[in-house]
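Peer 1: let me see the structure of the following:
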Amino acid sequence: MSRMVAKIAEASNILTKRLGRAPTCDEIAKMLNVNISIVRLVSERSRPLVSLDRAVSDQGHMTFQVLFLNFIPNIN
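Peer 2: Numbers count the residues shown, from 1 in each chain. Alright, predicted model coming up:
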């Protein structure tokens, strides 16, 4: 999978320079001659994880955890 991540990143960089914008998954798939579902899957799996303790407000008072918990109904 790490080889495919590198290939997708390289294709994305090349296409970004050619197109002057971020390429779509379809454009990357066509360049690499692979199925679009592979590009989507690899792209999703290679995204970095985000901590629930990460601040999401400018002041740093609200975290992903607080935001997430505010949207879950009380199950008691």
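Peer 1: which phi and psi does the most centrally placed residue in the chain have?
Peer 2: Centrality entry for the chain: nearest residue to the mean C-alpha point is R47, 4.7 Å, by C-alpha atoms, centre = their mean. The phi and psi values for R47, taken as degrees, to the nearest 10, are phi -70, psi 140.
Peer 1: also A55?
Peer 2: phi -70, psi 140.
Peer 1: and it, what pLDDT?
Peer 2: Model confidence at A55, given as pLDDT, is 83.
Peer 1: one more: Q59?
Peer 2: The per-residue confidence score, pLDDT, reads 74 for Q59.
Peer 1: tell me the pLDDT of the residue nearest to the centre of the chain.
Peer 2: So R47 comes in at 78 (pLDDT).
Peer 1: D53 sits in which helix or strand?
Peer 2: D53 is part of no helix or strand when elements are defined by DSSP states H and E.
Peer 1: can you pull the contacts of it?
Peer 2: Residues near D53 by C-beta atoms under 8 Å, 6 or more residues apart in numbering: 63-65. All C-beta atoms are positioned from the backbone trio N, CA, C, and that covers glycine.
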